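In: sequence first, predicted coordinates after that:
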Amino acid sequence: MAIIIEGLSTCPICNLVLSSDDVILTPPFIGNLKDELFMFSDAGIHIECLNNHALKDKLVKNIHLYNKQGSPLEQRCMIEGERIVPVQNMVSFGLLTSNEAEQLYEFNYHCFNLKNIHKWKELNKFLFVANEFLAAGKWESYGGFNKLEDIVAKIQKEITGLPL
């Protein structure tokens, strides 16, 4: 969840200073700097600014989906339906793209136990689409960590047995 420093933090929409009584705090729901919702990720936003913004509905929908997936201890494998133990075996996609026109969109919020990933019927399609998305330069990482590259690498390591 976003942390704001009263008197210093600014709204990503209007760039005015935030105060604690008229803002909404968002979780860090996307790590792609090129996604149109990135500006709202892990941010404090004036409620009035958000209410008047064209992306409000898309943002609210994705925050709901982000929150619905729960903590890592609550997430379940999409293949077997069981909680993933140990949690190190989890690969959780979260929001990969908010652009519904992108093929990658259909894979948002998927979660798997890596030990079951080879059973996923859409595995090859996902790897193709994700690699195409990366190759097209549609993902820019934040802070040096590229979540999409990491997901692809973990899956490829699991299915090939080769180290990262």
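Out: Structure's in. What do you need?
In: how about the most centrally placed residue in the chain, nearest residue that isn't a chain neighbour?
Out: A centroid search over the chain (CA atoms, centre = their mean) returns residue 95, at 3.0 Å, as the residue closest to the centre. Computed as CB to CB, 6 or more residues apart in numbering, the closest residue to residue 95 that is not its neighbour in sequence is residue 30, at 4.6 Å. For glycine as for every other residue, the C-beta is placed from the backbone atoms N, C-alpha and C.
In: over to residue 118?
Out: The shortest distance from residue 118 to any residue other than its chain neighbours is 5.5 Å, reached at residue 159 (CB to CB, 6+ apart).
In: surely that neighbour meets residue 119?
Out: No - with contact defined as CB atoms under 8 Å, residue 159 does not count as touching residue 119 (10.7 Å).
In: tell me which of these two has more neighbours.
Out: A direct count of neighbours by other CB atoms under 10 Å for residue 159 and residue 119 places residue 159 higher, at 15 against 12.
In: can I assume residue 80 sits in a strand?
Out: No - assessed by DSSP: H, G, I helix; E, B strand; the rest coil, residue 80 does not belong to a strand; its assignment is coil.
In: gap between it and residue 60?
Out: Computed with CB to CB, to the nearest Å, the distance linking residue 80 and residue 60 is 31 Å.
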